[in-house]
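Trainee: Here you go, sequence then predicted model.
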Amino acid sequence: MAPRNPYAAYNNSKVLTASPAELTLMLYEGAIKFCNIAIMGIDENDVEKAHINIKKAEAIIAEFRATLDHKYPVAEDFENVYKYLHDRLILANIRKDKEILEEVLTHLRTMRDTWKEVMEKAAKDNSARKVMVS
């Protein structure tokens, strides 16, 4: 039997061992990557490439929306942002509009960067608690 692609195996392992926070970060990174590839598709007049990658970004946004915990009031704010991004992606796909995709990318990058800050703060807080317990 031929060995599997080591890169694919590494990525699979990375996903399977990631924490929920790390998975969320990976999803943001994926949505950003797919929007960038869609822009390249538009630049190359490759309608199929643009469409496929916009749909991938839409699927990630749909997953974010589906996993919101509405027992927290902030979930409604995230729902509104995700709905807006989803609607913009649909319009970008219909029009094959790079400007709309750039707008979506700006929001996704901000959300990703904020999520990274939250993760870093949580890691520091956990480290501080461990030192205090020791």
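Mentor: Structure received. Everything numeric in this text was worked out from a predicted model, so none of it was measured.
Trainee: give me the number of residues near E29?
Mentor: Burial of E29 is recorded as 13 neighbouring residues (other Cβ atoms under 10 Å). Using the backbone N, CA and C atoms, a C-beta is placed for each residue, glycine as well.
Trainee: counting contacts, what elements does the helix or strand hosting it pack onto?
Mentor: Following DSSP states H and E, the helix or strand that holds E29 is helix 20-43. For helix 20-43, the packing partners by 3 or more Cβ pairs under 8 Å, 6 or more residues apart in numbering; DSSP states H and E come out as helix 6-17, helix 47-66, helix 98-133.
Trainee: redo that, cut-off 10 Å
Mentor: Judged by 3 or more Cβ pairs under 10 Å, 6 or more residues apart in numbering; DSSP states H and E, the packing partners of helix 20-43 are helix 6-17, helix 47-66, helix 74-95, helix 98-133.
Trainee: just for this structure, where's the confidence low?
Mentor: Along the chain, the model assigns pLDDT under 70 to residues 1-3, 7-13, 128-134.
Trainee: Please report how far the residue nearest the centre of it lies from A75.
Mentor: Closest residue to the average C-alpha location of the chain: Y28 at 1.8 Å, with Cα atoms, centre = their mean. Y28 is 17 Å from A75, where distance means Cβ to Cβ, to the nearest Å.
Trainee: May I ask you to confirm that L25 is in contact with V15?
Mentor: No: assessed by Cβ atoms under 10 Å, L25 is found out of contact with V15, at 11.6 Å.
Trainee: Between those two, which has more neighbouring residues?
Mentor: Applying other Cβ under 10 Å to L25 and V15 shows that L25 carries more neighbours, namely 17 against 11.
Trainee: OK, contacts around that one?
Mentor: Residues in contact with L25, defined by Cβ atoms under 10 Å, 6 or more residues apart in numbering, are 18-19, 112, 115-116, 118-119.
Trainee: Are any of the residues you listed buried, and if so which?
Mentor: In these, burial by neighbour count holds for R112, counting by 16 or more other Cβ atoms under 10 Å.
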